[in-house]
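J.: 3D, please:
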Amino acid sequence: MSQTPDAMQKCIADCTQCHQICTSTLLYCLQQGGKHAEAGHIRALLDCAESCERSVHFMLRKSSFHSKTCALCAEICTTCAENCEAVGDDQQMAECARSCRICAESCLQMSRAA
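T.: As a prediction, this is how the structure comes out:
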């Protein structure tokens, strides 16, 4: 299976969106306090945002390692989505979880296409 330019561009867009939503969700959670601001949840958001950003950089420069960074990103995004769903039933958490799941699927496809 080979990667198409369209598939890579979609993955880059999904990772960029996920990075943005995780970063804004991080600020939201710190403002909310309580279970939203627990260390494990904040760590999951940071891990996800940084993993997405790293994967974008690897794909943009067409690194031979991008499939590996995408595989790890898919795992991290899935964990972050689960974490967001467990933290709260509000619009911000739902939006973040949705974006993480979209990114995880896109990254998983990119990792398998290599």
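J.: who touches the nearest residue to N83 once chain neighbours are set aside in this structure?
T.: Leaving aside its sequence neighbours, N83 sits nearest to A44 (C-beta to C-beta, 6 or more residues apart in numbering; 4.3 Å). C-beta coordinates here come from the backbone N, C-alpha and C atoms, glycine included. The contact partners of A44, taken as C-beta atoms under 8 Å, 6 or more residues apart in numbering, are 79-80, 83-84.
J.: ok, of those, which come out buried?
T.: 79-80, 83-84 (16 or more other C-beta atoms under 10 Å).
J.: now, the residues you listed that are in helices?
T.: 79-80, 83-84 (DSSP state H).
J.: from those residues, which is closest to S24?
T.: Of all these, C84 has the smallest distance to S24: 12.4 Å, by C-beta to C-beta.
J.: how close does the closest one sit to Q109?
T.: Using C-beta to C-beta, to the nearest Å, C84 is found at 22 Å from Q109.
J.: and for A39?
T.: 32 Å.
J.: give me the more crowded residue out of those two.
T.: In this view A39 and Q109 are compared by other C-beta atoms under 10 Å, and Q109 has more residues nearby, 17 against 7.
J.: got the contact list for that one?
T.: With C-beta under 8 Å, 6+ apart, Q109 has these contacts: 7, 11.
J.: against G34, how distant is it?
T.: 36 Å.
J.: longest helix anywhere in the chain?
T.: helix 5-32.
J.: in the very next helix or strand once past that one, what counts as buried?
T.: Next helix or strand after helix 5-32 toward the C-terminus (DSSP states H and E): helix 39-60. Of all the residues in helix 39-60, those buried under the rule 16+ other C-beta under 10 Å are 41-42, 44-45, 47-49, 51-56, 58-59.
J.: need the mean per-residue confidence for helix 39-60.
T.: Throughout helix 39-60, pLDDT has a mean value of 97.
J.: how far off helix 5-32 does that helix point, in degrees?
T.: With axes from the mean of the first three to the mean of the last three C-alpha atoms, to 10 degrees as the basis, helix 39-60 and helix 5-32 are set at 160 degrees to each other.
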